[in-house]
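Peer 1: predicted structure and sequence below. I'll ask about it afterward.
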Amino acid sequence: MSGLRAKQALPLDMKILMSQKRIAEWYNHWDGQVYVSFSGGKDSTVLLDMVRVLYPDVKAAFVDTGLEFPEIRDFVRSIDNVEWLKPKLNFKDTIDKYGFPVVSKEVACYIDQYRSTKKESLRQKRWSAKVGKIPEKWKFLVNAPFKISDRCCYVMKKAPIKSFETRTKLKPFIGTMACDSNIRKINYTRYGCNAFDIKRPVSAPLGFWLEKDVWEYINKFSAVKYSKIYDMGYKRTGCMFCMFGLHMEGKPDRFDLMRETHPKQYAYCMDTLGLRKVIDYLVKKQGDKDE
């Protein structure tokens, strides 16, 4: 971990050189049969620019889930050589079938498994094991009057990407960074930027970057354009209707902001998709626990 912290403390110019080396290693290892997983967010925007500075003809792939901000979609349309991918199910059908994404991928997964498994041993593990159990503060969700799961991420994003990679045989560059989450920090520490020998080989050339480095790169190279959604107050640009991590935000949260900037999407989210009942339930139950 100290090696990661040392790399994270490096100046941007050194990070760029190190990332370019990782990009070249990946490109050459796969004889140029690579692509950039492009979300339209700032991290993958910087990654795509870095890759195409070295290899201008590398394709990008964007998963059009129908959940992206309009500003993200407009920005992606402005980029050349991007293949748009589609999931088999839309978000409404996905949450109707599998459940809502609440709290975090890990917690939602554990709750889904506790509710749906026929294995009593797995239920016991999810309830009381030292590792891999539902956190005490979220156990009330096993009795929630709505389905909960983390499966929307797979259905909406991972499955279309998997199908694309199977069809094209291309290996991905992804814009994830160790600072994004604990699991990404663990993966970087284990595999570094280029994970050649895992089931799904991936390259994360920005793995040791920090968020401030991404913005410094954008400001340093004025030719690098980015989605204007960031100028509207948003810090995250993933699926508009995702509730993962919502409990960690202060007020105004992402949906308060959406109500002001995208009222039609907000109404669809709250009323048609039913997120209002989910959020109200979470707020009420957490309030009851605090009394």
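Peer 2: All right, it came through fine.

Peer 1: okay, CA-based contacts and neighbour counts for the rest of this
Peer 2: Fine.

Peer 1: show me where this protein has helices.
Peer 2: Along the chain, the segments classed as helices by DSSP state H run 2-8, 12-29, 42-54, 70-77, 91-97, 105-116, 120-128, 151-153, 159-168, 182-191, 211-220, 254-261, 263-267, 275-290.

Peer 1: ok, the residue most central in space within the chain - contacts?
Peer 2: Closest residue to the average C-alpha location of the chain: Gly238 at 6.2 Å, with Cα atoms, centre = their mean. By Cα atoms under 8 Å, 6 or more residues apart in numbering, the residues touching Gly238 are 39, 41, 68.

Peer 1: rewinding a little: mind giving me TSV with the helices of the chain and columns for mean neighbour count?
Peer 2: What follows is the helices of the chain, written out as TSV (neighbours: other Cα atoms under 10 Å):
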stretch	mean neighbour count
helix 2-8	13
helix 12-29	17
helix 42-54	20
helix 70-77	17
helix 91-97	17
helix 105-116	20
helix 120-128	15
helix 151-153	20
helix 159-168	15
helix 182-191	15
helix 211-220	15
helix 254-261	16
helix 263-267	16
helix 275-290	14
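
Peer 1: could you dump these to a markdown table with distance to Gly245 and mean pLDDT?
Peer 2: Converted to a markdown table, the helices of the chain look like this (distance: least, Cα to Cα, whole Å; pLDDT from 0 to 100):
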| stretch | distance to Gly245 | mean pLDDT |
| --- | --- | --- |
| helix 2-8 | 24 | 88 |
| helix 12-29 | 29 | 98 |
| helix 42-54 | 19 | 97 |
| helix 70-77 | 21 | 96 |
| helix 91-97 | 17 | 93 |
| helix 105-116 | 9 | 95 |
| helix 120-128 | 20 | 95 |
| helix 151-153 | 14 | 93 |
| helix 159-168 | 23 | 97 |
| helix 182-191 | 14 | 89 |
| helix 211-220 | 18 | 95 |
| helix 254-261 | 10 | 95 |
| helix 263-267 | 18 | 95 |
| helix 275-290 | 12 | 82 |
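
Peer 1: in a markdown table: the ones you listed, plus distance to Gly175.
Peer 2: Output for those, formatted as a markdown table (distance: least, Cα to Cα, whole Å):
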| stretch | distance to Gly175 |
| --- | --- |
| helix 2-8 | 15 |
| helix 12-29 | 11 |
| helix 42-54 | 5 |
| helix 70-77 | 15 |
| helix 91-97 | 24 |
| helix 105-116 | 19 |
| helix 120-128 | 31 |
| helix 151-153 | 17 |
| helix 159-168 | 14 |
| helix 182-191 | 11 |
| helix 211-220 | 10 |
| helix 254-261 | 22 |
| helix 263-267 | 27 |
| helix 275-290 | 29 |
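
Peer 1: quick check: which of those helices is nearest to Val63?
Peer 2: helix 159-168 (7.0 Å; Cα to Cα).

Peer 1: count of neighbours near Lys118?
Peer 2: As a burial measure, Lys118 scores 10 neighbours (other Cα atoms under 10 Å).

Peer 1: what's the pLDDT at it?
Peer 2: Note for Lys118: predicted pLDDT of 94.

Peer 1: change the start of the numbering to 10 and stick with it
Peer 2: Right, with 10 as the first residue, what we last looked at is Lys127.

Peer 1: and it, its phi and psi?
Peer 2: phi -100, psi 0 (degrees, to the nearest 10).

Peer 1: hmm, back to that, and of the helices of the chain, who's closest to Trp147?
Peer 2: With Cα to Cα as the measure, helix 114-125 is the member of the helices of the chain nearest Trp147 (7.8 Å).
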